[in-house]
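**Student:** Below are the sequence and a predicted model for it; my questions follow.
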Amino acid sequence: MRPLTRQETRHAFRNTTTQETKVLRLPATFDTLDWSRLDYLGWRDPRSPLRAYLVALVDDVPHGVMLRQSATRNELASRAVMCVLCRFTRRFNEVALFSAARAGADKRARLDTLGIYVCVDLDCHTNVHSTPLPGPLDPPAAEIVTSRRDGLRTRTSAFVRSVVMQ
């Protein structure tokens, strides 16, 4: 992902109101991010624990969506859940259902939402960068990581595109 400025990041959001965009807080580590290791920019809002933000490049243009986490279900405590973006299976409390309101000027259209299971801390990039334990017939580790990153970018762009572009 190419480096983004603070202004680019703030103006990237398509499914937020003007008021929500004004109170949007960028991550505290924004100025020190290693953009070469990021496939998308995702963070949680420290003031609102159920709110998260995701910014991805779609056709080299930054698009952002605000996500809201649904309540976790305790009956899933013994299950593993797969993140849709990185496709890693994690514990039930490490992956949650997030919903994103579709972008649109019409207030009634904003009631339309899309849901997605994503890593709770939005750290899919750490998962895809982890070195795999290759078997004797597997491709080299660097090739696996590159394939994972390409898949993560593709799935993230597809989700963001489905939220912001109708």
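**Tutor:** Received it, and whenever you're ready, just let me know what you need.

**Student:** now the most far-flung residue of the chain relative to its centre, what's its secondary structure?
**Tutor:** Going by Cα atoms, centre = their mean, the residue of the chain most distant from its centre is Pro136, 33.0 Å out. Assigned with DSSP: H, G, I helix; E, B strand; the rest coil, Pro136 falls in the coil class.

**Student:** How much space separates it from Glu143?
**Tutor:** Pro136 sits 15 Å away from Glu143, going by Cβ to Cβ, to the nearest Å. All C-beta spots, glycine's among them, are computed from the backbone N, C-alpha and C.

**Student:** how close does Thr5 get to Ala12?
**Tutor:** Separation of Thr5 from Ala12 (Cβ to Cβ) stands at 10 Å.

**Student:** Same check on Val61?
**Tutor:** Separation of Val61 from Ala12 (Cβ to Cβ) stands at 8 Å.

**Student:** Just want to know which of Thr5 and Ala12 has more residues nearby.
**Tutor:** Each of Thr5 and Ala12 has its neighbours counted (other Cβ atoms under 10 Å); Ala12 has more, 24 against 10.

**Student:** and Thr146, how many neighbours does it have?
**Tutor:** The tally of other residues near Thr146 (other Cβ under 10 Å) stands at 13.

**Student:** So what touches the helix or strand bottoming out on mean pLDDT in the chain?
**Tutor:** Within the chain, no helix or strand scores below helix 18-22, which has a mean of 84 by mean pLDDT, DSSP states H and E. The contact list for helix 18-22 (Cβ atoms under 8 Å, 6 or more residues apart in numbering) reads Arg10, Phe13, Met66.

**Student:** can you give me the helices in this protein?
**Tutor:** 6-11, 18-22, 124-129, 141-164 (DSSP state H).

**Student:** now those as CSV including distance to Tyr117?
**Tutor:** What follows is the helices of the chain, written out as CSV (distance: least, Cβ to Cβ, whole Å):
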stretch, distance to Tyr117
helix 6-11, 24
helix 18-22, 23
helix 124-129, 11
helix 141-164, 11
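
**Student:** Quick check: which of those helices is buried the most?
**Tutor:** Neighbour counts (mean count of other Cβ atoms under 10 Å) averaged over each of the helices of the chain peak at helix 124-129, with a mean of 19.
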